[in-house]
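1. Model the following, please.
(chains A, B, C and D)
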Protein chains: 2
Amino acid sequence: MLTTFPDISRLKPAGGKRSGKREQIVNVFLRQEGHLSADDLVDLIRGEDQRISRATVYRTLQWMVDAGIARKVDFGEGRFRFEHSYRQPRHFHLICKTCSRSFEFLSSDIEGLVEEVAAARSFTVSQSVVQIYGTCDECRTGRTTSSQDGQTDLLFARDALRIAIATERSGAEFYTRAAKITRDARGRKVFQDLAHEEQEHLGRLEERYHELLERDPKLESRPTFLFFKGAAHGLFAEGAERLMKGVNDQQALMIGIRCERGSHRFFKKYGERFEDSEGKQIFLEFADEERTHLDLLVREYRALVKRQGRTRRGPSASPRAGAR
Amino acid sequence: MLTTFPDISRLKPAGGKRSGKREQIVNVFLRQEGHLSADDLVDLIRGEDQRISRATVYRTLQWMVDAGIARKVDFGEGRFRFEHSYRQPRHFHLICKTCSRSFEFLSSDIEGLVEEVAAARSFTVSQSVVQIYGTCDECRTGRTTSSQDGQTDLLFARDALRIAIATERSGAEFYTRAAKITRDARGRKVFQDLAHEEQEHLGRLEERYHELLERDPKLESRPTFLFFKGAAHGLFAEGAERLMKGVNDQQALMIGIRCERGSHRFFKKYGERFEDSEGKQIFLEFADEERTHLDLLVREYRALVKRQGRTRRGPSASPRAGAR
DNA sequence: CTAGGTGCAAATAATTTGCAGAGGC
DNA sequence: GCCTCTGCAAATTATTTGCACCTAG
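-> Model (predicted):
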């Protein structure tokens, strides 16, 4: 089920001996889902071995935190809880005050804002905590939702793919629209080609999405884990339609270059921020594909410029301006 | 300095007697800035009266929380701290791990995202905590920044005014630009009038801003307290320039109506969310002014329609569409 | 007079620590 | 044999409570 456990035997923070007890505690901890308090863990351990003392559990938990196996979280209950730390390191929590369960989510949007706030105060962030307290759907309605927790890795991959697909789709639509508007035949051809490529790439992403869904039939109905608007918005707003009409092939290529460059940078930037996981992989692969496409366009552009000289360069299509 | 203290004598949660001790503790608490731990408060109290017991301080703190004078906050130190609760109720914290001071900020942007996340899970939010841990500027650079903390009320007012000004400015610019583009003389006149009114309103806001600055000379250099992008962006994106050229007076009025309506709703919505304060006042007054202006425009529009019948109504200017 | 408020000391609750013995390398 | 881990019990820390006493209304 779980992708890869860290190799426990290798983890020895500031030295540490292999010991039956410690290994036992770590194993019980890793077998659990969710956020355990020290006491929960003691109870679980006691279930299979009476002779382990509370102090040892506390000491082992501390060791796990140092080793990077566990993370200590404070839900304001007056005691700490511990979560597996191979999960996303910068996730946030929804905490139900009724059933005291907690749900994790990722929000690059919130992260971004947090960074802005910190920057405005020249504050160096080492960790940020976002906790939303309230009542969960189940506790409010009484119904039991099928969606168990955990399995965030697949969820993350699913959401990463959804974002990639949304981006690609908006790209495809943009180029298609551009192709319709553009009067210049060569310009139109460029947009048509671009639209076609986006469509193709979109197809591949969707296929991958379906493959992912097959791994877990309930995957699609699970709540969103990664909240991230940035991606699908704005990357393809480039050039009001008014400008499109008179666009020639060179200018069309330049527009394509800007869009692909934006997309590449965006996915690279955010992909790099995530922890190793399939989702991160998807972001980085997507960034790579955009990069490849971008390089291709750049080569085409250069070839075109070489062939034509500077004669037909439009006023609004300088290679670097507003590339962001 | 501080605007208005709550009338302590009136505050009696679930009944409660006036008592010298309690009043004394409350007064000492209210005299302090920042976030006190129970122990800090005990020390302060002991400074002026040896005979007050720790238990009483704890009991009084609990009473203050119930009475709404204080708010209990958890900075993950293993004990609680208490802050005055006449401050903004939904503020967040930057917490320096070195000097263990904390700085407050407001972010409607983050609040908005938090609400979205909760909505996606059908989670009913009762409280949300955002804490950014790290190192503050002073601790990192060694320099002492003049900006003491506290005084959030003035800061909030300052930031509210800045946002109002930014909005008004973007409105003025938008109408000025529109006036330049519009070919129809009557349409142009409408935009010119709008631009003029915005300019005037802008002037009044700026004057008020300067008045505010006079109340505290260091006010302008203090770090941002309210983070809120929403306002200045998007409200005036209405109608690509392309469309402006052919706009007549009726259509121009309609564009103005949409912009003012957007602005009014926006400031009303967010203004209502804040706690009583000068800043809230500014938001609501601004919303009101926009409303008045809006009503005026609507009346003008109706009069125009009456005079002209439906003959000249343009295709893109239906009164309600996209009013958001 | 009586419901609260107050002080003191004891109780909790989560977590840490000192120390002596056990166990891995 | 040394160094670390472990168990147990005692210590610590923040906070709460029981109870007898005191005080305002």
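2. in the stretch 151-300 of chain A, which spans are helices?
-> Taking DSSP state H, counting those that start in this stretch to define them, one finds helices in the stretch 151-300 of chain A at A:152-181, A:185-215, A:241-244, A:249-273, A:278-308.
3. Output the below-cut-off pLDDT ranges for the stretch 1-150 of chain A.
-> Residue ranges of the stretch 1-150 of chain A with pLDDT under 70: A:1-19, A:146-150.
4. Relative to chain B, which of the helices of the stretch 151-300 of chain A is closest?
-> Taking C-beta to the nearest C-beta, helix A:241-244 is the member of those nearest to chain B, at 4.3 Å. Every C-beta, even on glycine, is put in place using the N, C-alpha and C of the backbone.
5. Let me know the average pLDDT across the closest one.
-> Per-region confidence: helix A:241-244 scores 66 on mean pLDDT.
6. Could you do stretch A:308-315 as well?
-> 56.
7. which bits of the stretch 51-200 of chain A sit near chain B?
-> Contact residues (C-beta under 8 Å from any C-beta of the partner chain) of the stretch 51-200 of chain A with chain B: A:74, A:76, A:92, A:94, A:96-97, A:103, A:105, A:107, A:109-110, A:113-114, A:116-118, A:120-137, A:140-141.
8. Throw together a PyMOL command that grabs the buried residues out of those residues.
-> Buried members of these, defined by 16 or more other C-beta atoms under 10 Å in any protein chain shown, are picked up in PyMOL with:
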select buried, chain A and resi 74+76+92+94+96+97+103+105+107+109+110+113+114+117+118+121+123+124+125+128+129+130+131+132+133+134+135+136+137
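9. so of the residues of the stretch 51-200 of chain A next to chain B, which ones are in strands?
-> Filtering these for membership in strands, criterion DSSP state E, returns A:74, A:92, A:94, A:96, A:103, A:105, A:107, A:124-135.
10. looking at this, residue A:143 is in a helix?
-> No: assignment of residue A:143 by DSSP: H, G, I helix; E, B strand; the rest coil gives coil, placing it outside any helix.
11. Report the contact partners of it.
-> Contacts for residue A:143 (C-beta atoms under 8 Å, 6 or more residues apart in numbering or on different chains) come out as residue A:137.
12. doesn't residue A:99 make contact with residue A:144?
-> No: taking contacts as C-beta atoms under 8 Å, residue A:144 lies outside contact range of residue A:99: 11.1 Å.
13. any idea how far the spatially most central residue of chain A lies from residue A:152?
-> By C-alpha atoms, centre = their mean, chain A has its centre lying nearest to residue A:160, at 5.2 Å. Distance, residue A:160 to residue A:152, using C-beta to C-beta, to the nearest Å: 12 Å.
14. Likewise for residue A:133?
-> 20 Å.
15. ok, now residue A:116?
-> Distance from residue A:116 to residue A:152, by C-beta to C-beta: 26 Å.
16. contact partners of the helix or strand where residue A:46 lies?
-> Element membership of residue A:46, judged by DSSP states H and E, is helix A:38-48. Applying C-beta under 8 Å, 6+ apart, the contact partners of helix A:38-48 are A:24-25, A:28-29, A:32, A:36, A:52, A:54, A:57-58, A:61, A:79-80, A:82.
17. Now intersect those with the strands, please.
-> Those of those lying in strands (DSSP E): A:36, A:80, A:82.
18. ok, and the closest non-adjacent residue to the first one?
-> Leaving aside its chain neighbours, residue A:36 sits nearest to residue A:82 (5.5 Å; criterion: C-beta to C-beta, 6 or more residues apart in numbering or on different chains).
19. Tell me how far residue A:175 lies from residue B:169.
-> 36 Å.
20. Ok, residue A:120 next?
-> 20 Å.
21. hmm, back to that, ok, and for the helix holding residue A:46, which residues are buried?
-> A:38, A:41-42, A:44-45.
22. is DNA strand C contacted by it?
-> Yes: Helix A:38-48 reaches DNA strand C (C-beta under 7 Å from any atom of the strand) through A:38-39.
23. before we move on, back to that, any idea which of the ones in strands among the contacts of helix A:38-48 is the one closest to chain B?
-> Using C-beta to the nearest C-beta, those come closest to chain B at residue A:80, 8.6 Å.
24. Which strand residues bridge that closest one?
-> For residue A:80, the beta-bridge partners under DSSP bridges are residue A:74.
25. How about the contacts made by it?
-> A:37-38, A:72-74.
26. what residues are up against residue A:201?
-> Here residue A:201 is in contact with A:168, A:289, A:293 (C-beta under 8 Å, 6+ apart).
27. mind putting the residues you listed in JSON lines, pLDDT and neighbour count included?
-> Below are those laid out as JSON lines (pLDDT from 0 to 100; neighbours: other C-beta atoms under 10 Å in any protein chain shown):
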{"residue": "A:168", "pLDDT": "91", "neighbour count": "25"}
{"residue": "A:289", "pLDDT": "93", "neighbour count": "19"}
{"residue": "A:293", "pLDDT": "92", "neighbour count": "22"}
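28. Good, wrapping up.
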